[in-house]
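Visitor: The sequence isn't on hand, but the structure is:
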């Protein structure tokens, strides 16, 4: 297993370089009353994090930027104070994974709905936050795996959808764009990589979920895919370390799961997610090790 981790270290050392150490944050309604952002940003700074990626700014019809403007003012103020970049997620459809996993899923109509929702969020976010110093980029909520996008017509619709979002963003500014993907082991590495190359705009950066915390693949399978990506994936990318596991249907923080993945990655990664990092038990173990 240790040899596997050493190989992984070599795997991530090339294309992850320069993207920074990040954490994904999934804002929820209760967040705006239950904790102070300042405490969290101070901790992130002390732990050498340089980026916070909001997974969404609107969850379904609930637009966080409209309902909590003061919270976002504080977010960007603290980000500037602690020199932590903010990446703004767009629209998250709560039914996304249900829709794309339907047996007879047809992407064109569904993606046209997502495009309109994302257009609205891009305009809202750009109008409100374009002058914020630490607003450094965008995050696309729609995760791309190697299961649901095998249909060629759906792939073409997906490529067009992402290209349209890219065109809209480029007209606003040249900030970086992140999108995430994850492996289930369904497609061979070469087919999955070909799919990602074909559908993701060239300038975007990819956050690749290990799938280990979610129980989708083993570390050995992850190694095989990531070694292939290292050789062939000619763009910026970095792994997402999943710091959770499932106990039955219940999801929970899992420091041991984090250790299994972090042992092979010594720099430049994204943790998933903020909620689990700041769990008291996980944070104590994390700080103790650090």
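Guide: Cool, got the structure. From a predicted model like this one, the values you see are computed outputs, not experimental measurements.
Visitor: who's the most centrally placed residue in the chain bridged to?
Guide: By CA atoms, centre = their mean, the chain has its centre lying nearest to residue 180, at 4.9 Å. Note on residue 180: beta-bridge partners residue 207, judged by DSSP bridges.
Visitor: thought it was touching residue 205?
Guide: No: using CB atoms under 8 Å, residue 180 is not in contact with residue 205, being 10.0 Å away. Any C-beta I mention is one placed from the backbone N, CA and C, and that applies to glycine too.
Visitor: Enumerate the residue intervals of this structure where per-residue confidence is below the cut-off.
Guide: Filtered on pLDDT under 70, the chain yields the residue ranges 1-20, 34-35, 263-267.
Visitor: The same query, at a cut-off of 50, please.
Guide: 1-19 (pLDDT under 50).
Visitor: just the helices in it please.
Guide: 2-12, 31-34, 37-46, 64-67, 69-81, 96-100, 107-129, 152-172, 189-199, 219-232, 255-262, 274-277, 280-289 (DSSP state H).
Visitor: Now do the fifth one and helix 107-129, the angle between them.
Guide: Between helix 69-81 and helix 107-129, the angle comes out at 70 degrees (axes from the mean of the first three to the mean of the last three CA atoms, to 10 degrees).
Visitor: Other residues contacting helix 69-81?
Guide: Applying CB atoms under 8 Å, 6 or more residues apart in numbering, the external contacts of helix 69-81 come out as 32, 37-38, 41, 52, 64-65, 84-86, 128-129, 132-135.
Visitor: tell me how far it is from the chain's mean position?
Guide: In this view, helix 69-81 has its centroid 21 Å away from the chain centroid, taken as CA atoms, centre = their mean, to the nearest Å.
Visitor: Next: the fourth one.
Guide: The chain centroid and the centroid of helix 64-67 are separated by 21 Å under CA atoms, centre = their mean.
Visitor: In this protein, where's the longest strand?
Guide: strand 135-145 (DSSP state E).
Visitor: For that one, which strands pair with it and how are they oriented?
Guide: Counting by DSSP bridges, strand 135-145 is paired with strand 85-89 (parallel), strand 176-182 (parallel).
Visitor: Report how many residues lie close to the closest residue to residue 204 other than its chain neighbours.
Guide: Spatial nearest neighbour of residue 204, excluding adjacent residues (CB to CB, 6 or more residues apart in numbering): residue 177 at 4.5 Å. Residues within reach of residue 177, counting by other CB atoms under 10 Å, total 20.
Visitor: From residue 239, how far out is residue 177?
Guide: Residue 177 sits 18 Å away from residue 239, going by CB to CB, to the nearest Å.
Visitor: Please apply the same query to residue 183.
Guide: 11 Å.
Visitor: residues shared between the contacts of the two?
Guide: Contacts common to residue 183 and residue 239, judged by CB under 8 Å, 6+ apart, are 208, 209, 210.
Visitor: I'd assumed residue 183 was in contact with the second one.
Guide: The reference is to residue 209. Yes: using CB under 8 Å, residue 209 is in contact with residue 183, at 7.2 Å.
Visitor: For the shared contacts of residue 183 and residue 239, which entry has the maximal number of neighbours?
Guide: residue 210 (27 neighbours).
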